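Novice: One predicted model, sequence on top.
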Amino acid sequence: MEGINKQIFKFIEPYLGELTKYRGTNRVKSQIEKFLSMQGGNNTKRQNLAVQISANLLLQNSKWDIPKKLLTDLAKLEFNLRGINPGHRDHVCHSLSNFLLGWAIIQQLKLYQISKLEWKLASLLHDVGYPLELSNNFNNFLRKYEKSILKWKQKDRSPKTIHTLKDYTALYKPKYHNFNRAPERDAAALIDKRLKKWGLSIKGKTIFNKTLNREIGPDHGIISAILVMKAIDKKYEDNNPLQEYRYIPIGNSDWNFEYMEEQVTNACSAIFIHNQVDDVIFDFNEESMKLATLLKVCDELQNWDRPKGKDCKGEPPRSYSLKFLGKNIIFYVNNKDKKKNLKEKLKSVHGFPLQIKVMSNQKSTS
């Protein structure tokens, strides 16, 4: 274990028990330690271990099967893509590394207003929509082929994969509805309301519809948010069919519907805007935006152990370094261009206590 991976493990080791309720803590600890010690890049064993860890982290919330199934499929897809593009960027290990980096920041900065469930869902599952985004890009290729080569005039000859998202936005409504809440339950509409509550001027449902109509193209963040919310809603349908606001212990979790309405909706809304949604200001000074801002920051900072171009292993962890000074984060990179690039990517982030610096030669090789 070296570089920033070694530092992250040191920061999170005392707090691993909080993630597992002390059930299987030693197992998760040893798995994370092994993961951080493995060589990066498109490594199948490392991806499989990341899936196992992600499932174990959500075991106490009775949602272990969501990362187990979705991330396993994503790993298989990316494994096959390596035959076409050896430098394809991994998103399975990247998601777990995001979680670990964010968990270190949460503990060191004492960001306890971000719940464990919110951070687990947002960080571990924010990229699960990649297969649908990629498949839609393939379909767009077929549409252009039909139009330019075959001269077909019918627009609906080829499949429209992205339109299947419409089947997933409608959420469960119980037979005996609690009329204190609005009768309509729609994933895109609920995310839209949450973004307004956060003070954002963007319209989530409008953005979602533009995605379906291919005006802005498919975005894996938007897709992931819908898929995750629908999957968790199905679990609430099975375990709390009347959507009651009370303690309902089943399995490893409490199925009080308040968690669905608040924490799950927060996590999915953060996922929704984390990638290419324009005109979003991630203001960390606003309490409601801390989760979304942390996801945005970690997603941009986490670039070690990820392949790029001809580099199939990615940059080594020693190329980055992490330090906390009181309530401030010092993130070291190994050259000025990387610092400039990160600052450009994070220009929409306001108020986050982060300084990006270029490390000395001594630090970069330690």
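Specialist: Cool, the structure landed. Residues are numbered from 1 along each chain as shown.
Novice: So the protein: which segments form each domain?
Specialist: 3-126+283-364, 134-273 (automatic domain parsing).
Novice: and these, which one's lowest on average pLDDT?
Specialist: Ranked by mean pLDDT, these bottom out at domain 134-273, which scores a mean of 79.
Novice: hey, which of the domains of the chain is tucked in deepest?
Specialist: domain 3-126+283-364 (a mean of 18; mean count of other CB atoms under 10 Å). C-beta here means a position set from N, CA and C on the backbone, and glycine is covered the same way.
Novice: Touching, C268 and A225? I think so.
Specialist: Yes: between C268 and A225 there is a contact at 4.5 Å, judged by CB atoms under 8 Å.
Novice: what residues are shared contacts of these two?
Specialist: Taking CB atoms under 8 Å, 6 or more residues apart in numbering as the criterion, C268 and A225 both touch A187, I191.
Novice: I'd guessed S321 sits against Y332; true?
Specialist: Yes: between S321 and Y332 there is a contact under CB under 8 Å: 3.8 Å.
Novice: So which residues of the chain form strands?
Specialist: Per DSSP state E, the chain carries strands over the ranges 249-250, 253-254, 282-283, 320-325, 328-333, 349-350, 354-358.
Novice: Just tell me which of those ends up closest to F35.
Specialist: Closest approach to F35 among the strands of the chain is made by strand 320-325 (16.5 Å; CB to CB).
Novice: Give me the angle between that closest one and strand 354-358.
Specialist: Interaxial angle, strand 320-325 versus strand 354-358 (axes from the mean of the first three to the mean of the last three CA atoms, to 10 degrees): 130 degrees.
Novice: which strands and helices sit next to strand 320-325?
Specialist: helix 3-12, helix 92-109, strand 328-333 (3 or more CB pairs under 8 Å, 6 or more residues apart in numbering; DSSP states H and E).
Novice: quick one: the helices in the stretch 201-350 of the chain?
Specialist: Using DSSP state H, counting those that start in this stretch, the helices of the stretch 201-350 of the chain run over 204-212, 220-239, 257-259, 265-273, 290-301, 336-345.
Novice: a markdown table for those helices, including distance to D192?
Specialist: Shown next, in a markdown table, are the helices of the stretch 201-350 of the chain (distance: least, CB to CB, whole Å):
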| stretch | distance to D192 |
| --- | --- |
| helix 204-212 | 4 |
| helix 220-239 | 11 |
| helix 257-259 | 20 |
| helix 265-273 | 9 |
| helix 290-301 | 14 |
| helix 336-345 | 26 |
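Novice: nearest to D167, of those helices?
Specialist: D167 sits nearest to helix 220-239 of all those, at 8.9 Å, using CB to CB.
Novice: Just the CA atoms of that closest one, as CSV, please.
Specialist: In CSV, the C-alpha atoms belonging to helix 220-239 read as follows (Å, rounded to 0.1, in the frame of the first residue of the first chain):
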residue,chain,number,x,y,z
HIS,A,220,-25.0,8.1,-16.8
GLY,A,221,-25.6,10.3,-13.7
ILE,A,222,-29.2,10.9,-14.7
ILE,A,223,-29.6,7.2,-15.6
SER,A,224,-28.0,6.0,-12.4
ALA,A,225,-30.2,8.1,-10.2
ILE,A,226,-33.4,6.7,-11.8
LEU,A,227,-32.2,3.1,-11.6
VAL,A,228,-31.1,3.3,-8.0
MET,A,229,-34.3,5.1,-6.8
LYS,A,230,-36.5,2.5,-8.6
ALA,A,231,-34.5,-0.4,-7.1
ILE,A,232,-34.7,0.8,-3.6
ASP,A,233,-38.4,1.8,-4.0
LYS,A,234,-39.0,-1.9,-4.9
LYS,A,235,-37.5,-2.9,-1.6
TYR,A,236,-39.8,-0.6,0.3
GLU,A,237,-42.7,-2.0,-1.6
ASP,A,238,-41.8,-5.4,-0.3
ASN,A,239,-40.9,-4.4,3.3
